[in-house]
Each structure stands twice: as C-alpha cells, then as structure tokens.
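> turn this into a model:
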Amino acid sequence: MPELPDVEVFRRYMNATALSKKIIKTQVFETDLLEDVSAAQLARRMTNSQFNQTKRHGKYLFARVSGGDWLILHFGMTGFLEYFKHTNGTPEHARMLLHFKNGFALAYICQRKLGKIGWTGDISEYLKIHDLGPDAFSDELDEENFKDLIHGNRGTIKSRLMNQSIIAGLGNIYTDEILFQAGVHPETSLDALKDEDQFGLFYQMKRILDLAIEKKVDPEMFPVDTLLPNREEGHQCPKCGGKIKKIKVGGRSAFFCEKHQKPPA
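Residues are numbered from 1 along each chain as shown. This next block holds a predicted model:
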C-alpha cells in the first residue's frame with residue numbers, strides 16, 4: 001500500500017509534470033471511487049482550470065485547482081500517477097484521466113479500486129472530518145508531541161504507529177522499518193516503552209521517511225542495513241545476523257529481527 005513516502009514522491013512527480021498546465025478534458029472511469037463529488041461536478045470544476053499547488057497529509061495528496069478548491073487523491077492498495085503523451089494510449093487500470101492542452105495527460109491508476117477521488121474547499125476541515133492525526137513527516141510533529149501521541153496504557157507500539165487518527169502516514173512497511181531500526185519489538189506494549197525507546201522511535205521515524213523519499217521508495221537503493229530489502233521470513237538480519245521473523249500484530253503482518261528486537265517481557 002502506498003504510504004507517506006510513496007505519496008510524497010507522487011506529489012513531487014505531479015509538481016514536475018502537471019502543475020500550471022491547462023486541463024481541457026476530465027474523464028472518470030470508476031465513479032465508485034468518487035467521494036463527495038460526482039463525475040459531472042468533477043469535470044465541470046476541473047476542465048479549463050489548472051493545478052497551482054500541491055500538499056500532502058499522511059497518505060492523502062491534495063492538488064489545488066485554480067478556482068481555489070482542492071482535488072483529493074488517496075491511492076488505496078495499488079494506486080499511482082502516470083503522466084503520458086495521450087497518443088500513446090491510456091494506461092491499464094486508469095480510473096481518471098486529466099487531459100492537458102499540451103497533448104499530455106495525467107492518469108490516476110488504481111488496479112484494485114480501493115483508492116478515493118474527492119474534493120474539498122478546506123483541507124483542515126477534511127482532516128478533522130476524517131479523524132486524521134498530525135502528519136508523521138511534518139516539522140510541526142516534534143519529539144514531545146510524538147511522545148504524547150504514542151503514550152498509552154493499552155495496545156502495542158506497532159498498532160499505535162499505524163493508527164491514522166494518532167499519526168497520519170505510516171503503514172505496515174515503514175512501521176516495521178522504524179521499529180527495526182529503533183530495536184523495538186512490534187508487540188511491545190505502550191506502557192513498557194522507555195524514554196530511550198520513544199526517542200529512538202521518533203528519530204528513526206523522521207530518518208527513515210526522509211531516506212525513503214530521497215531514494216524514491218526504491219528498496220534496491222536503500223542502505224544494506226535496512227529491513228525493507230530483506231523483508232522476508234528467514235532472511236538474515238543485515239544489522240546483527242539474526243533471523244527475520246513474521247508474526248501477526250493487531251491482525252497485520254509484522255517483520256522483525258528475533259535477535260536485536262527483543263520480545264517484550
């Protein structure tokens with residue numbers, strides 16, 4: 001599933017390709033993905049306008065249309081963007097196409113149709129309605145705020161980090177990487193976390209998200225001591241030589257090193 005780093009890469013890709021280009025036609029091929037807007041409304045609002053700004057919050061991408069409102073894209077399990085010359089044919093699984101005056105188009109592609117295409121006039125209100133916590137990569141989320149957010153008497157740290165109403169943007173893959181780098185077992189209870197654990201998690205969260213964005217979320221470009229290129233049960237841990245194990249935490253898969261991520265007492 002696209003997580004915060006993936007969506008930030010999509011945002012920068014959109015800035016480099018689709019910003020400030022006149023939209024001459026809007027096509028929606030999967031109306032079930034629309035949220036708070038109809039296909040006709042979307043076409044009317046988008047056509048003959050252009051994008052002049054983008055923002056991202058967690059796993060959501062917001063693109064401001066010249067009229068002042070925002071197109072919202074959520075990528076579900078398999079979504080991404082593709083900017084292409086229209087004469088080359090429509091990409092497979094395109095659910096929305098925005099045609100530009102320059103002969104190119106931007107496709108919102110979502111194979112499993114689990115994404116969302118929405119519309120809002122107020123991002124802050126949208127985040128409140130959808131109960132989204134602070135963005136994990138935002139400068140506004142500092143160490144003290146992070147500690148307050150993950151504090152609790154019940155639950156595991158992996159589930160807490162993945163809760164979008166607590167911190168927005170982290171999913172299964174990068175939560176595992178953060179825990180791996182911090183040396184914290186995914187089943188560690190919140191009340192068992194020490195101060196050094198909390199600091200390590202905060203530091204690694206910021207570092208890993210920055211690294212993933214820098215490497216354009218390509219696991220082959222990650223350093224050798226990261227989990228992501230070795231995220232398979234039975235692989236050797238690249239940090240300490242232990243074995244990578246897989247368990248279920250809160251109904252989700254968790255990969256970790258059985259040696260340097262000690263199980264909770």
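
> all strands for the stretch 1-150 of the chain, in order.
For the stretch 1-150 of the chain, applying DSSP state E, counting those that start in this stretch gives strands covering 23-28, 34-35, 51-57, 60-65, 70-74, 79-85, 94-100, 104-110, 116-120.

> where does the chain dip in pLDDT?
Low-confidence segments of the chain (pLDDT under 70): 265.

> how is it carved up into domains?
Following automatic domain parsing, one finds the domains of the chain at 4-129, 143-257.

> closest one to residue 182 among the strands of the stretch 1-150 of the chain?
Closest approach to residue 182 among those is made by strand 51-57 (24.1 Å; C-beta to C-beta). Yep, even glycine has a C-beta here, placed from its N, CA and C like the rest.

> make a markdown table out of the domains of the chain and add mean neighbour count and distance to residue 135.
Output for those, formatted as a markdown table (neighbours: other C-beta atoms under 10 Å; distance: least, C-beta to C-beta, whole Å):
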| stretch | mean neighbour count | distance to residue 135 |
| --- | --- | --- |
| domain 4-129 | 17 | 5 |
| domain 143-257 | 18 | 5 |
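
> can I get those in a markdown table including distance to residue 263?
Below are the domains of the chain laid out as a markdown table (distance: least, C-beta to C-beta, whole Å):
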| stretch | distance to residue 263 |
| --- | --- |
| domain 4-129 | 28 |
| domain 143-257 | 5 |
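
> all helices for the stretch 151-265 of the chain, in order.
Using DSSP state H, counting those that start in this stretch, the helices of the stretch 151-265 of the chain run over 157-162, 172-182, 195-214.

> show residues contacting the longest one.
Contact partners of helix 195-214, identified using C-beta atoms under 8 Å, 6 or more residues apart in numbering, comprise 4-5, 8-9, 136-137, 143, 146-147, 150, 157, 161, 169-170, 174, 177-179, 181-184, 188, 193, 222-223, 226.

> try 7 Å this time
Helix 195-214 is contacted from outside by 4-5, 8-9, 136-137, 143, 146-147, 150, 174, 177-178, 181-184, using C-beta atoms under 7 Å, 6 or more residues apart in numbering.
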